[in-house]
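> Return atomic coordinates for the entry below.
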Amino acid sequence: MSHENSSTITELVLVGFSNHPLTEIPLFFLFSLVYLANLFGNTAIITLVFVDSSLQTPMYIFLCHLAFLNIFFSTFVLFNFLANKKVISYNFCTDQTYITLFLESTECFLLAVMALDQYPGICYPLRYLLTMNWSVCMKLALGIWIFGAFASVVPLYLKIIPLCDPYVVDYIFCESPILLHMFCADTSLLETVMAIGCVRTVLFPFFLIILSYLSILVAVVKIDSVKGRKKAFSTCTSHLIVVTLYYGTGLIRCMRPKSLYSAEGDKLISVFYAVIIPMLNPFIYSLRNKEFKESIRRVMEKYKNETKQQITD
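Numbers count the residues shown, from 1 in each chain. The predicted structure is shown next:
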């Protein structure tokens, strides 16, 4: 099989759903609507937290970071699909591989920190308000982004590994597991490094999330008040749904048997976790959150009063 050094490759063909021409236009409009809903929902969360001081607590600050990450991730992924040109540069493909892995790693640790934040907030609210201040919250959030950046260095080595003809990426965006199938050289060492990285950036945060929720469950069961238990569980529900969707999709993709593998199935799974879930997240948090509903009402009333005042003046 012919191959050449990756440094001489200038372009790759990104297939996406172009091998299904009848569905490409409907999917374009569908993904455009999903992206607009994603942009609206996540921007609304960031705006609400920014303008309403009652929402400026650690939980909602971390949620703002998740909303920004969702917008960034979906924009970066859908850039390829919504563009008319299906040919991309090899450098852009490897850069996209790094950035998507960076965002995925960051989201895993962000979801873990949000879960760990739930435990002291529910079980030790007075002590929590004293220790988890704005400065600590910002340092944690910054640390998550920095760790995500350093935990995703593997794709930077992809440019020195030769690819095989044809230079076609049968996916909707460039991602490490997809490119691994295109290399002519032995990738066993790289696969081992990536597997170790996966344990560190996916399984370890998932273990922290499970540990946090088990601790919360034990603490909540000890609460005598039925109303108190209901309130505690209600606080966790939204985040638990988001974690289940995100990790559930990832585990289905990673742990399914090879006999069930298909390129088209992989595309649909990637669309779900990279496009659909980021669009659902803000609605999951807002529809099940009484504080968000009250915040929306306060902001709307404030806007109406300001509008009436301007008309009167």
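> can you pull out the strands in the stretch 51-200 of the chain?
87-89, 163-164, 168-169 (DSSP state E, counting those that start in this stretch).
> By mean pLDDT, show me the worst of the ones you listed.
Note on the strands of the stretch 51-200 of the chain: strand 163-164 shows the lowest mean pLDDT, a mean of 68.
> Spit out the contact partners of the residue nearest to P278 when sequence neighbours are not counted.
Spatially, and ignoring its direct neighbours in sequence, P278 is nearest to N70 (3.4 Å; CB to CB, 6 or more residues apart in numbering). To be clear about C-beta, it is placed using only N, CA and C from the backbone, and glycine gets the same treatment. The contact partners of N70, taken as CB atoms under 8 Å, 6 or more residues apart in numbering, are 38, 42, 278-279, 281-282.
> one more time with 7 Å, if that's ok
38, 42, 278, 281 (CB atoms under 7 Å, 6 or more residues apart in numbering).
> same question, L12
88, 90, 93, 167, 169.
> Reformat the residues you listed as CSV; add neighbour count and distance to T100.
Shown next, in CSV, are these (neighbours: other CB atoms under 10 Å; distance: CB to CB, whole Å):
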residue, neighbour count, distance to T100
I88, 19, 14
Y90, 21, 16
C93, 24, 11
Y167, 17, 19
V169, 22, 13
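> all helices of the stretch 51-200 of the chain, in order?
58-82, 90-123, 125-131, 134-150, 176-180, 188-198 (DSSP state H, counting those that start in this stretch).
> which stretch among those comes nearest L245?
helix 90-123 (10.6 Å; CB to CB).
> to the chain's geometric centre, what's the distance from that closest one?
6 Å (CA atoms, centre = their mean, to the nearest Å).
> Looking at that helix now, give me its mean pLDDT.
So the average pLDDT for helix 90-123 ends up being 85.
> With stretch 278-286 instead?
86.
> Could you list the low-pLDDT ranges of the chain?
1-10, 18-21, 80-85, 152-166, 185-187, 253-263, 288, 308-313 (pLDDT under 70).
> change it to 50
Applying pLDDT under 50 to the chain flags residues 1-7.
> quick revisit: which of the helices of the stretch 51-200 of the chain sits closest to D224?
Nearest of the helices of the stretch 51-200 of the chain to D224, taken as CB to CB: helix 90-123 at 14.1 Å.
> What residues sit buried inside that closest one?
Buried positions in helix 90-123, judged by neighbour count with 16 or more other CB atoms under 10 Å: 90, 93-123.
> residues contacting the residue nearest to F72 when sequence neighbours are not counted?
Nearest non-adjacent residue to F72, counting by CB to CB, 6+ apart: L103, 6.5 Å away. Going by CB under 7 Å, 6+ apart, L103 touches 69, 72-73.
> can you list these in JSON lines and add neighbour count and distance to L245?
Output for the contacts of L103, formatted as JSON lines (neighbours: other CB under 10 Å; distance: CB to CB, whole Å):
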{"residue": "L69", "neighbour count": "21", "distance to L245": "15"}
{"residue": "F72", "neighbour count": "15", "distance to L245": "18"}
{"residue": "F73", "neighbour count": "23", "distance to L245": "14"}
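> Which of those residues sits closest to R297?
Closest to R297, out of all of the contacts of L103 and judged by CB to CB, is L69, at 27.2 Å.
> Return the distance of L111 relative to R298.
28 Å (CB to CB, to the nearest Å).
> again, but for L14
Relative to R298, L14 is positioned 45 Å away (CB to CB).
> and those two? which has more neighbours close in?
L14 (23 against 15; other CB atoms under 10 Å).
> ok, the more buried one touching S89?
No. With contact defined as CB atoms under 7 Å, L14 does not reach S89; the gap is 10.6 Å.
> May I have the phi/psi pair for V13?
Main-chain torsions, V13, degrees, to the nearest 10: phi -100, psi 120.
> neighbours around it, how many?
The number of residues near V13, taken as other CB under 10 Å, comes to 14.
> For it, give me its contacts.
Here V13 is in contact with 86-87, 167-169 (criterion: CB under 7 Å, 6+ apart).
> Let's have the residues you listed in TSV, adding distance to R127.
Formatted as TSV, those follow (distance: CB to CB, whole Å):
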residue	distance to R127
K86	55
V87	57
Y167	57
V168	57
V169	51
